[in-house]
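Q: here are the coordinates; sequence isn't available:
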């Protein structure tokens, strides 16, 4: 029997192919692969101790058994998003073209997370949309709209939906936006992200069970990022099917890797004022004749957004190496 397994491994070891990483748990990855023209779901690891693979990565791999493989290389990425904790940034998703920030009329949502997500999207070159769910809770709707007006005024589209009360209308609103794109959904717990995913991807629950079994994560399924390929008719720009990525509920985007220059450019409302300060190396903190600070005083830049910029600049200077 052992000899048979050795032969089996040897038989597969020369087979190479490519794939799309659809889930990650620790250093274990689930890859939708193509080996010699065959489509396979493979449990994969990386060589050595590398763990720099993200959901959404397109990878080159080698088969080690009928349903297992080794990731040999990562194809060039179009974009990369990070999530973070207090100590380090972690890869969240690769090759996304747009980010949907899901908020709701209730429970309450954090403006800090919205603004951090918008900064992450701008820095990564990813289009950002805000999806306001649960619009059927009319008593809280107007107040929520007012809170989101600041982001709409900056040019970020706000789409109003109700996944549970108006499912068909919700699909009609979101389907054209998702076609041809790789979209990641982010949001705090309770915003209805799961309801939206189940509406957009009818087999999502089945897919979650398959992924959990493959990665042996059991009840911890909500703690990892996972990708669902959509209808093949909705092909993206590179010829692959459009996909949607569901992320775990988390509180912070990884922004520690952004330099000061990247940060100031990620606040879209700063753009008209950059390069107009008295000092060429202005940090937009306390400097005299700072065009950005003057715009804050004149309410052309929201004080809350500038405060976040100051906070992010401070966090960036505290990063651990």
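A: Structure's in. What do you need? Please read these numbers as outputs of a predicted model, since none were measured by experiment.

Q: hey, let's count contacts and neighbours off CA atoms from now on
A: Noted.

Q: are we agreed that residue 92 is in a strand?
A: Yes: secondary structure of residue 92, determined by DSSP: H, G, I helix; E, B strand; the rest coil: located in a strand.

Q: and it, what does it touch?
A: Taking CA atoms under 8 Å, 6 or more residues apart in numbering as the definition of contact, the neighbours of residue 92 are 54, 55, 80, 81, 82, 83, 225, 247.

Q: let's see that with 7 Å instead.
A: Residue 92 makes contacts with 54, 55, 81, 82, 83, as judged by CA atoms under 7 Å, 6 or more residues apart in numbering.

Q: mind checking which helix or strand the third one is in?
A: With elements taken from DSSP states H and E, the one containing residue 81 is strand 80-84.

Q: what sits up against that strand?
A: Residues contacting strand 80-84 (CA under 7 Å, 6+ apart): 89, 90, 91, 92, 93, 94, 95, 120, 124, 252, 253, 254.

Q: can you pick the most crowded of these?
A: Neighbours were tallied for each of these (criterion: other CA atoms under 10 Å), and the maximum of 28 neighbours falls on residue 93.

Q: what distance do you get for it to residue 169?
A: Residue 93 sits 28 Å away from residue 169, going by CA to CA, to the nearest Å.

Q: repeat that for residue 41.
A: Residue 41 sits 34 Å away from residue 169, going by CA to CA.

Q: which one's more surrounded, those two?
A: Set side by side, residue 41 and residue 169 show more neighbours around residue 41, with 21 against 13, by other CA under 10 Å.

Q: you'd agree the more buried one is in a strand?
A: Yes: counting by three-state DSSP, residue 41 is part of a strand.

Q: that one touches residue 29, doesn't it?
A: No: Residue 41 is beyond contact range of residue 29, at 10.3 Å (criterion: CA atoms under 7 Å).

Q: and residue 278, how many neighbours?
A: Summarising burial for residue 278: neighbours were counted as other CA under 10 Å, giving 12.
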